[in-house]
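# I would like to see how this sequence folds:
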Amino acid sequence: MAALAAATFTVVTSEMLPVGLLTPIGRELRVSDGTAGLTLTVTGLVAAVAAPVLTLLVGRRDRRAVLAALMATLTAANLLAAYAPNIAVLLMARVLVGLGMGGVWAIAAGLAVRLVPAHRVAAATSLIFSGVAAASVLGVPAGTSLGELGGWRAAFVGMAAVCAVVALALVVLLPPLPETAAVRLAGVLGLLRGAPVRTGLMLVSLLVTGHFAAYTYVRPVLEDVAGVQPGQISTLLLAFGLAGLAGNFAAGAGAARSPRVTLVVICGVLAGTVLLVPLLGRSAGVAGPAALLAVGGLLAVWGLSYGGVSVSTQTWLMAAAPGAREAASALFVAVFNGAIALGAFLGGRAADSWGPTGVMWLGGALAAGALVTAGVGKGPVKGPRRGR
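Okay, the predicted model is just below:
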């Protein structure tokens, strides 16, 4: 379970690494913030396609071997990103990141039921998704700090080393995991006929699109609106990530009892905090340290709410499709990463057209739409089934 958590940590850190490095990447490669943000858009789009396609293509192959091969792909992708002399090569590297990420996340997300006793499945699922939150706690801030010390290319080299270590850990620590029945395209598409599955996917789409429309450009917002110095960015992102890690486990426990109630709370808090960031940011730019501390607190609340999105929406979908966990995971990862791509793209257009404040209004509005969906959409009849 620790190896799987490390795998989700690594793939999400690889995907999110440009967030804290957006400004230096754009400056060195001579592109705008919106264009630099395409490094997230491309990765999300490729991962959205890779998740269901790779799940279908691997058939009954041993999931341990598949995961290790995908982690090796991520290693190569990060090394290529570190070398990139221009934005085109960097985007090619990010395509490979998308391939590795989509496959790893789709497969790892549904493995808890095969690795632990029935009564521990919910806790094990939270542990796997803790890697997602830990990517914000450790990965993104560490990458940002390394980028400040040695340049953004050093951050990608460091990430490649982590990917290689995790690939080895998966080979050594996981048992053989052959599939007894391959996932079929008809089975994946058939899940869309269920209203609770469609509602869950809509929640994923709105929440993740809104979050990444805003979060992808959080560094320009903090620098231009709140007057935060570059050296303070990693500290603020660390506060965001620590809160997100706590939010992951809190939401996992809550979603095991009631996915709907948990998601209503998450959506409401996320919408409110994102909309407040530009307001407090302006105050921080004028009022100084006290208001800046308030912005940090607001980012922590934002992290607390978003930290629960992955595990709670995954729990919703597992409850909506208890007999097709890997197929549901493939749909989940496809929509999740498509939403990351869409959010980064829309945020980039908003940043270039309306400035950094506009991305926050856009993100808050989408989260408010998710709140309505969580409240009135058709949900699972029962909580997530914990059996094998």
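# CA only for contacts and neighbour counts going forward, please
Fine.
# how many residues are close by Gly150?
10 (other Cα atoms under 10 Å).
# gap between it and Ser312?
Per Cα to Cα, to the nearest Å, Gly150 is found 37 Å from Ser312.
# can you count the residues close to Ala155?
Ala155 is flanked by 27 other residues according to other Cα under 10 Å.
# all strands of the stretch 101-250 of the chain, in order?
In the stretch 101-250 of the chain, no segments count as strands under DSSP state E, counting those that start in this stretch.
# tell me where the model's unsure across it.
136-137, 180-187, 225-228, 230-231 (pLDDT under 70).
# all helices of it, in order?
112-115, 121-134, 140-150, 152-173, 185-190, 195-215, 218-224, 230-257 (DSSP state H, counting those that start in this stretch).
# how about these, which one is nearest Gly364?
helix 195-215 (6.5 Å; Cα to Cα).
# packing partners for the closest one?
Counting contacts by 3 or more Cα pairs under 8 Å, 6 or more residues apart in numbering; DSSP states H and E, helix 195-215 packs against helix 309-320, helix 325-354, helix 356-376.
# could you dump those to TSV with distance to Arg120?
As requested, the helices and strands packed on helix 195-215 are arranged in TSV below (distance: least, Cα to Cα, whole Å):
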stretch	distance to Arg120
helix 309-320	14
helix 325-354	16
helix 356-376	26
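# and Val53, which of these is closest to it?
For Val53, the closest of the helices and strands packed on helix 195-215 is helix 325-354, at 8.5 Å, according to Cα to Cα.
# tell me which residues in that closest one are buried?
Within helix 325-354, the residues that count as buried by 16 or more other Cα atoms under 10 Å are 325-352.
# what angle sits between whichever strand or helix holds Leu21 and helix 230-257?
Using DSSP states H and E, Leu21 sits within helix 2-29. Between the axes of helix 2-29 and helix 230-257, defined by axes from the mean of the first three to the mean of the last three Cα atoms, to 10 degrees, the angle is 150 degrees.
# mean confidence for helix 2-29?
Taken as a whole, helix 2-29 has an average pLDDT of 88.
# other SSEs contacting that helix?
Checking 3+ Cα pairs under 8 Å, 6+ apart, helix 2-29 ends up next to helix 33-36, helix 38-57, helix 63-83, helix 87-109, helix 121-134, helix 140-150, helix 152-173, helix 218-224.
# so which of these gets nearest Trp361?
For these, proximity to Trp361 was assessed by Cα to Cα; helix 218-224 is nearest, at 11.9 Å.
# using PDB, list the CA coordinates for the closest one.
In PDB, the C-alpha atoms belonging to helix 218-224 read as follows (Å, rounded to 0.1, in the frame of the first residue of the first chain):
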ATOM      1  CA  VAL A 218      -1.800  30.700  -8.200                       C
ATOM      2  CA  ARG A 219       1.800  31.900  -8.400                       C
ATOM      3  CA  PRO A 220       1.100  34.800 -10.600                       C
ATOM      4  CA  VAL A 221      -1.900  35.700  -8.400                       C
ATOM      5  CA  LEU A 222       0.100  35.600  -5.300                       C
ATOM      6  CA  GLU A 223       2.900  37.600  -6.800                       C
ATOM      7  CA  ASP A 224       0.900  40.200  -8.800                       C
END
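# and that helix, what does it pack onto?
helix 2-29, helix 230-257, helix 356-376.
# what's the burial count for Arg193?
Applying other Cα under 10 Å, we find 9 residues neighbouring Arg193.
# now swap in Pro85 and tell me
12.
# contacting residues for it?
Shown in contact with Pro85 (Cα atoms under 8 Å, 6 or more residues apart in numbering): Leu29.
# pLDDT wise, what is Asn86 at?
Reported pLDDT for Asn86: 93.
# surely it and Leu29 touch.
Yes. Taking contacts as Cα atoms under 8 Å, Asn86 lies within contact range of Leu29: 5.7 Å.
# need the contact list for the nearest residue to Gly363 once chain neighbours are set aside.
Among residues not flanking Gly363 along the chain, Gly210 sits closest, at 3.9 Å (Cα to Cα, 6 or more residues apart in numbering). Gly210 sits next to Gly343, Leu362, Gly363, Gly364, Ala365, Leu366, Ala367 when contact means Cα under 8 Å, 6+ apart.
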